[in-house]
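# My questions are about this predicted structure, shown below with the sequence.
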Amino acid sequence: MDKSCFYKYTHDRIVEMNRVLMVIFLALIVNVSRAQTGKDTIVYNLPVVNGKLVYSDSVAVKGRSRAVLDSIAKKWFAVNVIPYKDCCNPLVTETMSSVFSQGLLQFRAPPNSWRVVYYDYIMLVTVKVDCGEGYYKYKIYDMHFRPKSNFFNAVVEHPTNPEYLIDRYKKKKYGLLSSMPAEIIRIYLACVNTSVRNCIASLNKAMAN
């Protein structure tokens with residue numbers, strides 16, 4: 001093989017390898033983008049209203065009077081939500097609501113992305129249930145959470161409300177060296193979402209039975 005043929009062969013091989021590497025590189029970018037989009041789902045699908053995380057809906061219940069639904073809602077809250085009476089910001093009394101009170105929900109989450117240990121967290125929420133003839137409306141909002149243990153609450157860095165996490169995530173105020181990377185933000189928000197969704201599911205089940 002003369003030199004010209006050798007150079008042409010070498011050049012063609014380099015061009016071919018570059019094309020293969022470019023295809024692999026583009027495929028990696030696409031996969032990373034898709035993976036990130038999937039991870040972002042929990043953050044961008046949360047029910048945020050005017051910058052606040054609010055879970056609310058109106059549910060029809062055929063054949064149930066307002067009085068019956070009112071009684072069920074009060075019993076449900078007493079059994080399924082831990083009452084919280086020591087809030088520094090007492091709620092304005094609403095005599096028309098079947099339930100309008102603050103209570104505690106719970107979840108478990110790791111304090112960092114290492115996931116070596118999990119702590120019990122308590123989350124203060126405001127629960128509002130309004131009943132009518134054949135329907136009820138619920139609203140769960142104004143959430144604040146902290147480690148259940150007073151010791152861990154004092155020594156572990158943690159957020160206090162989901163709105164802070166949502167804002168931080170959307171503004172990308174995190175990174176590999178951050179004390180609160182994207183992964184742990186998603187974990188916290190997923191735990192909050194699951195805890196509230198479970199609470200709503202128990203309310204819907206009680207009102208339907």
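Here it is on my side, so go on. Everything numeric here is computed off the predicted structure, so don't read it as measured data.
# Alpha carbons of stretch 168-188, as PDB, please.
What follows is stretch 168-188, C-alpha atoms only, in PDB (Å, rounded to 0.1, in the frame of the first residue of the first chain):
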ATOM      1  CA  ARG A 168     -34.900  26.400  44.900                       C
ATOM      2  CA  TYR A 169     -35.200  23.500  42.400                       C
ATOM      3  CA  LYS A 170     -36.800  25.500  39.600                       C
ATOM      4  CA  LYS A 171     -34.200  28.200  40.000                       C
ATOM      5  CA  LYS A 172     -31.500  25.500  40.000                       C
ATOM      6  CA  LYS A 173     -30.000  26.700  43.300                       C
ATOM      7  CA  TYR A 174     -28.300  23.300  43.900                       C
ATOM      8  CA  GLY A 175     -25.300  21.300  42.700                       C
ATOM      9  CA  LEU A 176     -23.100  18.400  43.500                       C
ATOM     10  CA  LEU A 177     -21.400  20.400  46.300                       C
ATOM     11  CA  SER A 178     -24.600  21.900  47.600                       C
ATOM     12  CA  SER A 179     -25.800  20.900  51.100                       C
ATOM     13  CA  MET A 180     -29.100  20.100  49.400                       C
ATOM     14  CA  PRO A 181     -28.600  18.600  45.900                       C
ATOM     15  CA  ALA A 182     -31.400  18.100  43.400                       C
ATOM     16  CA  GLU A 183     -31.900  14.500  44.400                       C
ATOM     17  CA  ILE A 184     -32.600  15.200  48.000                       C
ATOM     18  CA  ILE A 185     -35.000  18.000  47.000                       C
ATOM     19  CA  ARG A 186     -36.900  15.500  44.900                       C
ATOM     20  CA  ILE A 187     -37.000  13.000  47.700                       C
ATOM     21  CA  TYR A 188     -38.400  15.500  50.200                       C
END
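# buried set for stretch 143-155?
Using 16 or more other CB atoms under 10 Å as the test for burial, stretch 143-155 gives Met143, His144, Phe145, Arg146, Pro147, Lys148, Phe152. Where C-beta positions appear, they are placed from N, C-alpha and C, glycine not excepted.
# What of stretch 120-137?
121-132, 135-136.
# now it: mean pLDDT?
For stretch 120-137, the mean pLDDT works out to 96.
# For it, what is the distance to the chain centroid?
Distance, stretch centre to chain centre, for stretch 120-137: 18 Å (CA atoms, centre = their mean, to the nearest Å).
# before we move on, the earlier item: quick one: the buried residues of stretch 143-155 as a markdown table, columns for pLDDT, secondary structure and distance to Val116 too.
Listed next are the buried residues of stretch 143-155 as a markdown table, based on pLDDT from 0 to 100; DSSP: H, G, I helix; E, B strand; the rest coil; distance: CB to CB, whole Å:
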| residue | pLDDT | secondary structure | distance to Val116 |
| --- | --- | --- | --- |
| Met143 | 95 | strand | 26 |
| His144 | 94 | strand | 26 |
| Phe145 | 93 | strand | 20 |
| Arg146 | 90 | strand | 20 |
| Pro147 | 90 | strand | 15 |
| Lys148 | 89 | coil | 18 |
| Phe152 | 79 | helix | 14 |
